[in-house]
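J.: one predicted model, sequence on top.
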Amino acid sequence: MEKVIRKISLKDKHNYDLEYWLSKTAEERISAIEFLRQQFYETKDGSPPRPQRVIRVIKHKPR
């Protein structure tokens, strides 16, 4: 991944981001998403986190 720094005005930011990602191939976009996903879910031991269990107790009135 090539690092590029550009200064743009806040008005042009939305259009620039859209143009940038539309100029990339589908493979490059998926690769960028996977890179960000791995960074987000990275843990100390290197394994992805497990989903948490959600337990809900619901009390129903007898009919």
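T.: Perfect, I can see it now.
J.: now the helix ranked longest in the chain: average pLDDT?
T.: In the chain, with assignment by DSSP state H, the single longest helix is helix 26-41. Taken as a whole, helix 26-41 has a mean pLDDT of 88.
J.: now stretch 18-27, how far from the centre of its chain.
T.: 16 Å (CA atoms, centre = their mean, to the nearest Å).
J.: quote the end-to-end distance of that stretch.
T.: 16 Å (CA to CA, to the nearest Å).
J.: and what of stretch 42-55?
T.: 26 Å.
J.: what of stretch 36-50?
T.: 18 Å.
J.: stretch 33-52 too?
T.: 23 Å.
J.: can you check stretch 20-32 too?
T.: End-to-end for stretch 20-32, by CA to CA: 13 Å.
J.: give me the contact list for it.
T.: Met1 (CB atoms under 8 Å, 6 or more residues apart in numbering). Where C-beta positions appear, they are placed from N, C-alpha and C, glycine not excepted.
J.: can you offset everything so residue one is 37?
T.: Sure, I'll start numbering at 37, so the last one becomes stretch 56-68.
J.: tell me how far that stretch is from the chain's mean position?
T.: The answer for stretch 56-68 is 14 Å, by CA atoms, centre = their mean.
J.: tell me the mean pLDDT over stretch 86-99?
T.: Here the average pLDDT along stretch 86-99 is 79.
J.: quick check: buried residues in that stretch?
T.: Under the neighbour-count criterion of 16 or more other CB atoms under 10 Å, stretch 86-99 has nothing buried.
J.: next one: stretch 41-57
T.: For stretch 41-57, using 16+ other CB under 10 Å, no residue counts as buried.
J.: and the longest helix of the chain, how far from the chain's centre?
T.: 7 Å.
J.: next: stretch 40-53.
T.: 20 Å.
J.: so for it, what's the average pLDDT?
T.: Across stretch 40-53, the per-residue pLDDT values average to 73.
J.: first to last residue in that stretch, what's the distance?
T.: Span of stretch 40-53 from end to end, CA to CA: 13 Å.
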